[in-house]
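Engineer: I'll drop the sequence and a predicted model, then ask my questions.
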Amino acid sequence: MRRAAAFIAALITLSPAAAAASREGWVRVHFAHPHPPRVVADEARALFADVNATRVSHGLRPLVADEGLDALALAVARHMAELRYFGHTDPSGVTFGDRLRAAGYQYRYAAENLAFNRDELHANAALLQSPVHYENIVDRHPHKLGIAVLAAGEGEIFYVEEFSD
């Protein structure tokens, strides 16, 4: 829990948006320069390439893009933007596992990385510097990856990585 709190604090520090912590494991996000949420496809492609470059540099196979995981990642990003929170558990207590089950996704291994940052370069760096999120990126179990990048304000962007076997 201490690592997770430090990671969230680091991400919020890097973000231009203000945030208020919650005891439930999510953070309330206040956008400084909000606009209607929009998908940032070029940043999603860059993040996908960066994940695979990191894996290949560690002798691992690159992950394959998965449309179902992409859709799940986008749903998570949209939900966070609409409810103005950041976290693996939403304000009503719905968890990553709950979302996978609700989507009917079958898996033996699954993991989720989230970042809230100003651009892909900084989001990827934050994920790589977080031991838990880095472990998800270089884990040998996943074979598929879904990514969504959703801007909810100027420099206020949600990054979601969904990993599965």
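Structural biologist: Here it is on my side, so go on.
Engineer: against which helices or strands is the helix or strand A148 falls within packed?
Structural biologist: Element membership of A148, judged by DSSP states H and E, is strand 144-153. Applying 3 or more C-beta pairs under 8 Å, 6 or more residues apart in numbering; DSSP states H and E, one finds that strand 144-153 makes contact with strand 34-39, helix 41-57, strand 64-65, helix 67-83, strand 156-164. Bear in mind the C-beta positions are built from the backbone N, C-alpha and C, glycine included.
Engineer: and the ones you listed, which is most packed in?
Structural biologist: For the helices and strands packed on strand 144-153, the largest average neighbour count (mean count of other C-beta atoms under 10 Å) is found in strand 156-164, namely a mean of 26.
Engineer: partner strands of that strand, parallel or antiparallel?
Structural biologist: With DSSP bridges as the test, strand 156-164 is paired with strand 110-117 (antiparallel), strand 144-153 (antiparallel).
Engineer: now do it against helix 67-83, angle only.
Structural biologist: Orientation of strand 156-164 against helix 67-83 (axes from the mean of the first three to the mean of the last three C-alpha atoms, to 10 degrees) gives an angle of 150 degrees.
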